[in-house]
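Participant: sharing a model that was predicted from the sequence below.
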Amino acid sequence: MKFAFLLCLILCVLLGSSVAAESKPNFMIIIADDLCWRDLGYEGSPDVKTPNLDKLRAESMHLRGMFNPATSCSPTRHALYTGLYPIRSGAYPNHTRVYDGTKSLFTHLKAAGYRVALQNKSHVGPAASFPYEHIDGADDLSETTSFVTRDPAQPWFIVFASNDPHSPWTRGPSYDPAKITIPPYLHDNSITREALATYFGEISKLDEQVGALLKMLDDTKQSQNTIVLFVSEQGSSFPYGGKWSVYDNGIHSSAILRWPGKVKPGTTSTALMQYVDVPPTFLAAAGIDPTKIDVGCPDANGATGFDGRSFLPVLLGKTDTLRDHIFAQHTTVGTNGAIGPYPIRTVRDTRYKLIRNLAPELTYTIGGLHKGQPIESWQADAKSNPSLAARVTHLFNRPAEELYDLESDPFETNNLASDPAMAQIKTRLKHQLDAWMLQQNDKGLATENLANTRQGKSDEGEPKGKKKGKARNKKKAE
């Protein structure tokens, strides 16, 4: 009898531990590097082959209302991991860091008993705010497999940060420049075509990595209890490809989330949401109340909660609304090749976007966008092409305000800011943008001029495979 009782007790304890572990999902974020959301098969690209991401999309909810709060790599990642907008956290220029004491999703989940890791590209700091194990490289998943299988009783969180398709574009299958379709926001010439074809190759390389990760989850029997989120980051480095701008090519992110048994496969949500909403959502999915979290970095009003909010009800099909507005900023100070400050802020609802260029009297010039190719070939062609000349000029000189109707003008080419019929809409959006900047303690140009004080060593774990390439391509700023 005693033996049977003890055996029953042991089994109950073991089963209880198993149930407890299973009740807390694992989390995997897969983040691309300099990828425009439009350049994916499931998003409608007629050329780019992404079979693994297409399959993941079919198994996921497509979050079509996801947006970045910034337009370069480092502030984007800080926001994704902290749940805070970049200026509030201090991580608003590129190659940046958050204020000391700021906590991240790694901090919160580790405190809740998760083991946490980041693989490949880091670009965040300081280390105290991001207490993850670092896994080198993106093409070898042996350490990744060891991490996810280390202790079956302990849930885990990992970020897989690819370097694809960040330039230089040297990886992946070949695409024929003569046969690809040039998007309407790019100028079609041979140099653009050749660059776009190599960029497409790296997107396919990224897709291969996604396939390997999903297979690893299947092989280790981790798929059913793992939330997988894929995000495309903040646009490509082509002119008007999105990076370094707050146009939708830059701040609109492709996002798909799979959670077997919880999120209905093949579904779509148009709810407006941002990267800052990911940490509170993951915490809510883990059974942690995100509204009770102290992020370690107060806003201008002294509040210490997330800027983000949980979209778990959206994932579970209970609602299709989250936000009325999304916000984003771009800081040029500290970007490679930047000449002078050129701060940009924006607010967007489901249809309209207001952009505020805070130094319109200056010329917007940074290395990766305004120097080298393909922009120099565009400038040469513009000498005999007035329409192209206007687009090239706009890359360097913007008006103080831009207002777009995204329903009729998805590529943001018709500025309605001076249209009297749009005055009420513009005023409404201005009030929203003013309130957000106030909450963030954003002083505009004064904040921009302090950006270099927010830079420092924040690239621990920068993958060795691309360091040399990036050095060769230094003028192409991150």
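Facilitator: Perfect, I can see it now.

Participant: can you give me the strands in the stretch 151-300 of the chain?
Facilitator: 156-161, 226-231, 255-258, 267-269, 273-274 (DSSP state E, counting those that start in this stretch).

Participant: longest single helix anywhere in the protein?
Facilitator: helix 190-219 (DSSP state H).

Participant: just checking, which helix or strand of this structure averages the lowest pLDDT?
Facilitator: helix 464-472 (a mean of 35; mean pLDDT, DSSP states H and E).

Participant: same question for the longest helix of the chain, mean pLDDT?
Facilitator: Averaged across helix 190-219, pLDDT comes to 98.

Participant: with stretch 81-98 instead?
Facilitator: Here stretch 81-98 scores 97 as its mean pLDDT.

Participant: how about the longest helix of the chain: buried residues?
Facilitator: Along helix 190-219, these residues count as buried under the neighbour rule (16 or more other CB atoms under 10 Å): 191-214, 216-217. (C-beta placed from N, C-alpha, C; glycine too.)

Participant: same question, stretch 139-157
Facilitator: Buried residues in stretch 139-157 (16+ other CB under 10 Å): 141, 144, 147-148, 155-157.

Participant: out of the residues you listed, which comes closest to S377?
Facilitator: Taking CB to CB as the measure, S377 lies nearest L141 of the buried residues of stretch 139-157, at 39.1 Å.

Participant: wait, the closest one touches A212, no?
Facilitator: Yes - contact criterion CB atoms under 8 Å: L141 and A212 qualify, at 5.8 Å.

Participant: ends of stretch 46-57, how far apart?
Facilitator: Counting by CA to CA, to the nearest Å, you get 17 Å between the two ends of stretch 46-57.

Participant: which other residues reach that stretch?
Facilitator: 39-42, 173, 175, 179-181, 200, 203-204, 206-208, 210-211, 214, 228, 230, 256, 258 (CB atoms under 8 Å, 6 or more residues apart in numbering).

Participant: avg pLDDT for that stretch?
Facilitator: Mean pLDDT, stretch 46-57: 98.

Participant: in it, which residues are buried?
Facilitator: So stretch 46-57, judged by 16+ other CB under 10 Å, has buried residues 47-50, 52-53, 56-57.

Participant: which residue comes closest to the residue minimising distance to the centre of the chain once chain neighbours are left out?
Facilitator: Centroid-nearest residue in the chain: E233, 3.1 Å away (criterion: CA atoms, centre = their mean). Using CB to CB, 6 or more residues apart in numbering and skipping the chain neighbours, the partner closest in space to E233 is A32 (5.1 Å).

Participant: spell out the secondary structure type for the nearest residue to H166 once chain neighbours are set aside.
Facilitator: Spatial nearest neighbour of H166, excluding adjacent residues (CB to CB, 6+ apart): D33 at 4.0 Å. Following DSSP: H, G, I helix; E, B strand; the rest coil, we place D33 in the coil state.

Participant: kindly report the same for the one 4 residues further on.
Facilitator: Using three-state DSSP, the three-state assignment for W37 comes out as coil.

Participant: so which elements touch the helix or strand containing E402?
Facilitator: Assigned by DSSP states H and E, E402 belongs to strand 401-405. Judged by 3 or more CB pairs under 8 Å, 6 or more residues apart in numbering; DSSP states H and E, strand 401-405 is in contact with strand 352-357, helix 423-439.

Participant: would you turn the ones you listed into CSV with mean neighbour count and distance to T447?
Facilitator: As requested, the helices and strands packed on strand 401-405 are exported to CSV (neighbours: other CB atoms under 10 Å; distance: least, CB to CB, whole Å):
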stretch, mean neighbour count, distance to T447
strand 352-357, 23, 13
helix 423-439, 16, 9
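
Participant: do you know which of the ones you listed lies nearest V124?
Facilitator: Across these, closest to V124 is helix 423-439 (CB to CB), at 22.7 Å.

Participant: list the buried residues for stretch 377-392?
Facilitator: Here stretch 377-392 shows 377-378, 381-382, 388, 391-392 as buried, counting by 16+ other CB under 10 Å.

Participant: could you do stretch 99-106 as well?
Facilitator: Result for stretch 99-106 [16+ other CB under 10 Å]: buried residues 99, 102-106.

Participant: neighbouring contacts of the strand holding E402?
Facilitator: 351-357, 412, 414-417, 419, 422, 425-426, 429.

Participant: let's see that with 10 Å instead.
Facilitator: The set of residues external to strand 401-405 that reach it, using CB atoms under 10 Å, 6 or more residues apart in numbering, is 246-248, 344, 346, 348, 351-357, 360, 394, 410-419, 422-423, 425-426, 429-430.

Participant: pairing partners for that strand, with directions?
Facilitator: Strands that pair with strand 401-405, judged by DSSP bridges, come out as strand 352-357 (antiparallel).

Participant: next, the angle helix 423-439 makes with the partner strand.
Facilitator: 60 degrees (axes from the mean of the first three to the mean of the last three CA atoms, to 10 degrees).

Participant: what is the helix or strand just after strand 352-357 packed up against?
Facilitator: Reading on from strand 352-357 to the C-terminus, the next helix or strand found by DSSP H and E is helix 367-370. Other helices and strands packing on helix 367-370, by 3 or more CB pairs under 10 Å, 6 or more residues apart in numbering; DSSP states H and E, are helix 375-382, helix 386-396.

Participant: contact partners for the residue nearest to P75 when sequence neighbours are not counted?
Facilitator: The shortest distance from P75 to any non-neighbouring residue, by CB to CB, 6+ apart, is to P86 (4.0 Å). With contact set as CB under 10 Å, 6+ apart, P86 has these partners: 68-70, 72, 74-76, 78-79, 92-93, 96, 98, 276, 307, 328-331, 440, 442, 454.

Participant: 7 Å instead?
Facilitator: By CB atoms under 7 Å, 6 or more residues apart in numbering, P86 lies in contact with 69-70, 75, 78-79, 92, 329.

Participant: got phi/psi on G235?
Facilitator: For G235, the backbone dihedrals are phi 90, psi 160 (criterion: degrees, to the nearest 10).

Participant: could you give the number of residues near it?
Facilitator: The tally of other residues near G235 (other CB atoms under 10 Å) stands at 30.

Participant: that one against N249, yeah?
Facilitator: Yes - between G235 and N249 there is a contact under CB atoms under 7 Å: 5.0 Å.
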